[in-house]
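# Just the structure for this:
(2 chains)
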Amino acid sequence: MHFDWPYFWHQLLEPDGAFLQGLWLTILISVGGQVIGLVIGLPMALARRSASVFLMWPARFYIFLMRGTPLLVQIVFIYTGLAAAGILRFHDITAGPFNLSGNVQAGILALGLNEGAYMAEIFRAGIDAVDRGQTEAAKSLGMVPGQILRFVVLPQALRIILLPIGNQFNIMLKNSTLVSVIGVSEMLLVTETINSATFRTFELYSVLALYFLALTSIWGGVMRYVEWRMDRGAARGDAAVIGMLQGEHI
Amino acid sequence: MADVLVQAERVEKFFGPNKILDGVSFTVTRGETVVLIGSSGSGKTTLLRCINHLEKIEAGRITVNGYLIGYRDRRGVLIEDRERNIARQRRDVGMVFQRFNLFANLSVLDNIILAPMRVRGESREVATERAMRLLARVGLAEKAHSFPASLSGGQQQRVAIARALAMEPAVMLFDEPTSALDPEMVGEVLAVMRGLAQDGMTMMIVTHEMGFARQVADRIIVMDRGRIVEDGPPERLFNAPAHAKTRALLAARH
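Next comes the predicted model:
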């Protein structure tokens, strides 16, 4: 076996600008997709739990569709499919020095829509896990459903679902490579491009794998810290973490 | 009866095919302390939960302060009211639960001021001032900034009572308030309730504490299989129970 160590070290420690650009895009797409997923997830979970069939069934269908079809297919469908059908074409957006090309927008949207379905199920499980007695007590004090959700149920549910959400973001980081199929130059596509010129496949993909391991490890560290803070908070019965999650005092 | 506060007329309630409440009627006048007793499954807790519409009823009507609870009367047919209206009706009815149900994410003080601020629109200052007075009354002023998880069961239940009182309800419902407590903590909760009764609070209490019932109750309602089988002052029920169920309950628990 031949392994070109100098080339490997060079790519790992001094990657070219295109690769760093790819790293930046990987992070941007993952975070963007996760944010959209979170924004979709909560209302979708509430709709899914709703007594109204006009809310419940569309939410159910959305979750069914997104979880039942491959993410790769969804990405191609949203970018290439919708454009081919003349329904929606993603145009580049330029604001000053920043440029968000159409395929990046489509990639973020597709990842976000897919993530939203998983987030909806996580939010739903978290809300269901909060003791019913909490809701009954709030009702008995004359609070309306929106207030009960905001001040009592959601802060407790968030605590429960924080770690599952963290796991989802770990998956998101890795799934972001799928948008390479619509030509987004994230880390995988950049690696493929360099590879087609150099054919140092083993070395290049080793570097790529190590960069992903670094990203997921950093994220894992963040989650362990949050978990530690929560455990400590629970042990002391203090509000630091809950306050942080709630983001606002009553 | 001069000043009827709570009135139930022929209330019926089903869980599936099971009739839980079978034509229950009673009245509670202002300032009265009424204790509900009965073996488990007799419907006493369900009856209490119907009074603030935590449970729907299938027939009959319940009024508090003259307001129909949970329903609108549309030409004699009762239709369930909107959530917002039901929430408004619940302001007048305080409730204390067997398992306390303090909001786990909020401090003791925040537990008490949440509804006064958000439901009644009070300022934090006004709500806090009343909350501290109520905490002093239940003997927990120094726990204002503690969290429920760090309190004993008896302390949590006393906070729960203060939380309900903070809405200045017309009537307080107690659903087996001491059943989940260790024996040594029962006394501190009963003492707070006794104080409320003496101050003239209107109360409906589901309990198995017969000694307490005898001391505090103005009236005792005995339930059996969804019906009220006896309703009268404690002296009469304890000394000359008319119904076999009453005799059995008092003999077993006293």
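# from memory residue B:206 sits against residue B:44, does it?
Yes: the pair residue B:206 / residue B:44 is scored as a contact, 4.8 Å apart, by C-beta atoms under 8 Å. Every residue, glycine included, has its C-beta placed from N, CA and C.
# so who does the nearest residue to residue B:97 once chain neighbours are set aside touch?
Once flanking residues are discounted, residue B:97 sits nearest to residue B:175: 5.5 Å by C-beta to C-beta, 6 or more residues apart in numbering or on different chains. Residue B:175 makes contact with B:45, B:48, B:49, B:95, B:96, B:97, B:98, B:206, according to C-beta atoms under 8 Å, 6 or more residues apart in numbering or on different chains.
# try 7 Å this time
By C-beta atoms under 7 Å, 6 or more residues apart in numbering or on different chains, residue B:175 lies in contact with B:45, B:48, B:95, B:96, B:97, B:98, B:206.
# cool, and residue B:91?
Contact analysis of residue B:91 by C-beta under 7 Å, 6+ apart lists A:142, B:119, B:167.
# and the residues you listed, which of them are in strands?
Using DSSP state E, no member of those falls within strands.
# burial count for the nearest residue to residue A:101 once chain neighbours are set aside?
Sequence neighbours aside, residue A:92 is the residue nearest to residue A:101 in space, at 4.8 Å (criterion: C-beta to C-beta, 6+ apart). When neighbours are counted by other C-beta atoms under 10 Å in any protein chain shown, residue A:92 registers 11.
# tell me the contacts of residue A:92?
A:99, A:100, A:101, A:102.
# Can you tell me which of these end up in helices?
Cross-referencing the contacts of residue A:92 against helices under DSSP state H gives residue A:102.
# Poorly predicted segments of the chain, please.
All of this is about chain A. Per-residue confidence for chain A (pLDDT under 70) gives these ranges: A:233-250.
# think we crossed wires, I meant chain B
Flagging of chain B using pLDDT under 70 yields the residue ranges B:1-2, B:252-254.
# ranges for the helices of the stretch 101-250 of chain B?
B:108-118, B:124-137, B:153-165, B:183-198, B:210-216, B:234-239, B:244-253 (DSSP state H, counting those that start in this stretch).
# Likewise for chain A?
Assigned by DSSP H, chain A shows helices spanning A:5-13, A:17-49, A:53-68, A:71-76, A:82-84, A:102-129, A:132-140, A:145-148, A:154-175, A:187-198, A:201-236, A:240-246.
# between the third one and helix A:17-49, how big is the angle?
Read that as helix A:53-68. Angle, helix A:53-68 to helix A:17-49, by axes from the mean of the first three to the mean of the last three C-alpha atoms, to 10 degrees: 140 degrees.
# re earlier: dump the contacts of residue B:91 into JSON lines; add neighbour count and distance to residue B:236 as well.
As requested, the contacts of residue B:91 are exported to JSON lines (neighbours: other C-beta atoms under 10 Å in any protein chain shown; distance: C-beta to C-beta, whole Å):
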{"residue": "A:142", "neighbour count": "24", "distance to residue B:236": "37"}
{"residue": "B:119", "neighbour count": "19", "distance to residue B:236": "40"}
{"residue": "B:167", "neighbour count": "21", "distance to residue B:236": "34"}
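# Turn the residues you listed into a markdown table, columns for distance to residue B:159.
What follows is these, written out as a markdown table (distance: C-beta to C-beta, whole Å):
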| residue | distance to residue B:159 |
| --- | --- |
| A:142 | 18 |
| B:119 | 18 |
| B:167 | 14 |
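# how about the residues of the stretch 101-250 of chain B that lie near chain A?
Within the stretch 101-250 of chain B, the positions lying close to chain A (C-beta under 7 Å from any C-beta of the partner chain) are B:101, B:103-107, B:110, B:114-115, B:117-119, B:146-147, B:149-150, B:167.
# Just the buried ones among those, please.
Those of these that meet the buried threshold are B:101, B:103-107, B:110, B:114-115, B:117-119, B:146-147, B:167, by 16 or more other C-beta atoms under 10 Å in any protein chain shown.
# among those residues, which two are most distant?
Distance extremes for those: the farthest pair is B:119 and B:146 at 23.5 Å, using C-beta to C-beta.
# Not counting sequence-adjacent ones, nearest residue to residue B:44?
Distance criterion C-beta to C-beta, 6+ apart; nearest residue to residue B:44, sequence neighbours excluded, is residue B:36 at 4.3 Å.
# follow-up on the earlier one: how about the helices of the stretch 101-250 of chain B in a markdown table, adding distance to residue A:29?
Output for the helices of the stretch 101-250 of chain B, formatted as a markdown table (distance: least, C-beta to C-beta, whole Å):
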| stretch | distance to residue A:29 |
| --- | --- |
| helix B:108-118 | 39 |
| helix B:124-137 | 43 |
| helix B:153-165 | 47 |
| helix B:183-198 | 56 |
| helix B:210-216 | 65 |
| helix B:234-239 | 72 |
| helix B:244-253 | 67 |
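# what sits against residue A:33?
Applying C-beta under 7 Å, 6+ apart, the residues near residue A:33 are A:108, A:111, A:112, A:115, A:172, A:176.
# Pretty sure the third one sits against residue A:36.
Yes: counting by C-beta atoms under 7 Å, a contact exists between residue A:112 and residue A:36, whose distance comes to 2.6 Å.
# From the contacts of residue B:175, which land in helices?
Using DSSP H, B:45, B:48 are the members of the contacts of residue B:175 that sit in helices.
# if I look at residue A:165, how far off is residue B:104?
Using C-beta to C-beta, to the nearest Å, residue A:165 is found at 20 Å from residue B:104.
# hmm, back to that, any common contacting residues for residue B:206 and residue B:44?
Jointly contacting residue B:206 and residue B:44 under the rule C-beta under 7 Å, 6+ apart are residue B:36.
# who's more crowded, those two?
With neighbours defined as other C-beta under 10 Å, residue B:206 and residue B:44 compare such that residue B:44 has more, 28 against 24.
# Quick check: the more buried one touching residue B:224?
No: when contacts are counted by C-beta under 7 Å, residue B:44 is not listed as touching residue B:224 (9.7 Å).
# Tell me the residues that contact both of the two, please.
Here residue B:44 and residue B:224 share the contacting residues residue B:38, scored by C-beta under 7 Å, 6+ apart.
# buried ones in stretch A:25-37?
Under the neighbour-count criterion of 16+ other C-beta under 10 Å, stretch A:25-37 has A:25, A:26, A:28, A:29, A:30, A:32, A:33, A:34, A:36, A:37 buried.
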